[in-house]
Every structure is written in structure tokens, then in C-alpha cells.
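[1] Take a look and give me a structure for this.
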Amino acid sequence: MATLAGSAWARSALHYGVTALAILLFLLALRRSGERAGRLSEKLENMEKANDLQRRMLEAAARRPRDRGELVDRLRGGGF
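    Here you go, the predicted structure:
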């Protein structure tokens with residue numbers, strides 16, 4: 001057993017095994033960070049849509065008639 005671990009081909013196999021494991025772990029981490037970036041991008045897009053809708057609702061609320069008299073004036077003038 002001691003001669004097997006000390007042989008040149010065993011050390012070489014161990015070296016290649018560790019290298020392959022490191023590459024595999026790197027690729028898995030890269031995939032995970034890509035998925036996270038995709039989720040964050042989707043979240044940002046949804047927030048932008050929600051903010052745009054809220055802004056449009058606030059602008060519409062700012063243009064609304066303040067009382068019944070103003071509403072009647074708009075209806076008579078064809079402002080709607």
C-alpha cells in the first residue's frame with residue numbers, strides 16, 4: 001500500500017483528480033452565480049414595471065378633477 005501511494009503514476013492520477021475536482025467545483029459555482037444573476041435581473045425588471053405603473057397612476061391622480069364642479073366643467077367642455 002505504501003508503495004502504491006508513493007509511485008509516480010499514483011501521484012500523477014491524484015494530481016489530475018484534484019485538478020478535475022477543482023474545475024468541476026469552479027463550473028458549478030459559475031452556474032450558480034449565473035442563475036443568481038438571472039433571478040436578480042428578472043426581479044429588477046419586475047420592479048421597473050411596478051414603478052412605471054405606480055408613476056402612471058400617480059400622474060393620473062394628479063390630473064383628476066378636484067371636486068364635482070370641476071368634473072362637470074370637464075364633461076361640458078369635452079375634456080374627458
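
[2] what's the longest helix in the protein?
    helix 8-62 (DSSP state H).

[3] tell me what that helix is packed against?
    Helices and strands touching helix 8-62, by 3 or more C-beta pairs under 8 Å, 6 or more residues apart in numbering; DSSP states H and E: there are none. Every C-beta, even on glycine, is put in place using the N, C-alpha and C of the backbone.

[4] Can I get whichever helix or strand comes after it in CSV? Just the C-alpha atoms.
    Moving toward the C-terminus from helix 8-62, the next helix or strand (DSSP states H and E) is helix 68-77. Taking Å, rounded to 0.1, in the frame of the first residue of the first chain, the C-alpha atoms of helix 68-77 are listed here in CSV:
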residue,chain,number,x,y,z
ARG,A,68,-67.9,67.9,-8.6
GLY,A,69,-67.9,71.3,-10.1
GLU,A,70,-64.6,70.7,-11.9
LEU,A,71,-65.9,67.4,-13.1
VAL,A,72,-69.0,69.0,-14.6
ASP,A,73,-66.9,71.6,-16.3
ARG,A,74,-64.7,68.9,-17.8
LEU,A,75,-67.6,66.9,-19.0
ARG,A,76,-69.3,70.0,-20.6
GLY,A,77,-66.0,71.1,-22.2
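
[5] Check the offset of the longest helix of the chain from the chain's centre.
    8 Å (C-alpha atoms, centre = their mean, to the nearest Å).

[6] Now do it, average pLDDT.
    Average pLDDT, helix 8-62: 96.

[7] what does stretch 66-78 give?
    Stretch 66-78 shows a mean pLDDT of 89.

[8] quick one: that stretch to chain centroid distance?
    45 Å.

[9] Check stretch 70-80 too.
    Relative to its chain's centre, stretch 70-80 lies at 45 Å (C-alpha atoms, centre = their mean).

[10] residue closest to the middle of the protein?
    Most central in the chain under C-alpha atoms, centre = their mean is L40, positioned 1.6 Å from the mean C-alpha point.

[11] With F26 as the reference, measure out to it.
    21 Å (C-beta to C-beta, to the nearest Å).

[12] Pull the number of nearby residues for L71.
    Residues lying near L71 (other C-beta atoms under 10 Å) number 14.
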